[in-house]
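Undergrad: Turn this into a model:
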Amino acid sequence: MRKTAVIYVLSGLLLTGSAQAQTKAPERSAASMECSRQANEKGLHGKARKHFRSKCLKAARKHG
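TA: Numbers count the residues shown, from 1 in each chain. This is a model prediction of the structure:
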């Protein structure tokens, strides 16, 4: 009986945690999405993409 109660409590906690994780998606700014689009067009991946996006976002903050 006690094991069953513990399993139900833990299951409830796991389900609650996963539901919260799914609903808390960070919203991306228009600048972030635009920089990602440009990186996609250039076919950038990995470190090159990260470097490009970093420079792009800094420029967007500077001009915006």
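Undergrad: the strands in this protein, which residues?
TA: Using DSSP state E, the chain contains no strands.
Undergrad: Show the residue spans covered by the helices in it.
TA: 2-23, 30-42, 46-63 (DSSP state H).
Undergrad: Least confident of the ones you listed, on average?
TA: Confidence, taken as mean pLDDT, is least for helix 2-23 of those (a mean of 61).
Undergrad: wait, doesn't Arg53 sit right on Met33?
TA: No. Using C-beta atoms under 8 Å, Arg53 makes no contact with Met33, being 10.7 Å away. In short, each C-beta sits where N, CA and C put it, glycine included.
Undergrad: who has more neighbours, those two?
TA: A side-by-side neighbour count of Arg53 and Met33, using other C-beta atoms under 10 Å, places Arg53 first with 17 against 10.
Undergrad: Can you give me every residue that contacts the more buried one?
TA: 32, 35-36, 39 (C-beta atoms under 8 Å, 6 or more residues apart in numbering).
Undergrad: hmm, try it at 6 Å
TA: 35, 39 (C-beta atoms under 6 Å, 6 or more residues apart in numbering).
Undergrad: Make 5 the starting number, not 1.
TA: Sounds good: first residue 5 from here, last item Arg57.
Undergrad: Could you measure from it over to Ala63?
TA: Remark: distance between Arg57 and Ala63 (C-beta to C-beta, to the nearest Å) = 11 Å.
Undergrad: Repeat that for Lys28.
TA: Distance, Lys28 to Ala63, by C-beta to C-beta: 29 Å.
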